[in-house]
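Chemist: Here is a sequence with its predicted model. Questions after.
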Amino acid sequence: MSEYQYLIVPSQGMYGSGEDVQPVRRSNLSLRRVRLITDRMTRQHQASMRPYGGSSGGYRVIESASWTYGADLDRIPDAS
C-alpha cells in the first residue's frame, strides 16, 4: 500500500500510446484540496500551450491504491 492517498497524473492527450506514465505529484491532502491543485496545474498547462495552438490535456486525480507501475491510466477511474 502506498504511503500517499492520492496521485496527480496526466490526463489523456498528455502522453502517447504505450508510454510509461509516472504520477507528477503524490499527496495526503484531502481530495478537495488535491482537486484544487490539479485544476490549477491544468489551467497553467493549458495557458502555457496557448501560444502553440492550445491543448486539451491536463491532469487528474486517482487513488494511489489503484495505481501500479505501467498501469493503463485510461482504465483507472478518477478518485471519488
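Modeler: Received the coordinates, thanks.

Chemist: Please list all residues in contact with the residue nearest to the spatial centre of the chain.
Modeler: Nearest to the geometric centre of the chain sits Val9, at 2.1 Å (C-alpha atoms, centre = their mean). Val9 makes contacts with Val21, Pro23, Val24, Tyr59, Arg60, Val61, Ile62, Trp67, Leu73, as judged by C-beta atoms under 8 Å, 6 or more residues apart in numbering. C-betas here are computed from N, CA, C, even on glycine.

Chemist: which element is it on?
Modeler: Here Val9 is covered by strand 6-10, with elements defined by DSSP states H and E.

Chemist: what's the answer for Thr42, then?
Modeler: In this assignment (DSSP H and E), Thr42 forms part of helix 31-49.

Chemist: re the thing from before, now intersect the contacts of Val9 with the helices, please.
Modeler: Of the positions in the contacts of Val9, not one sits in helices, assigned by DSSP state H.

Chemist: quick one: which of these is nearest Leu31?
Modeler: For the contacts of Val9, the closest approach to Leu31 (C-beta to C-beta) belongs to Val61, at 6.9 Å.

Chemist: rewinding a little: identify the residue spatially nearest to the residue nearest to the centre of the chain, adjacent ones excluded.
Modeler: Pro23 (5.2 Å; C-beta to C-beta, 6 or more residues apart in numbering).

Chemist: what residues does stretch 52-59 touch?
Modeler: Judged by C-beta under 8 Å, 6+ apart, the contacts made with stretch 52-59 from elsewhere in the structure are 8-14, 24, 38, 41-42, 45-46, 49.
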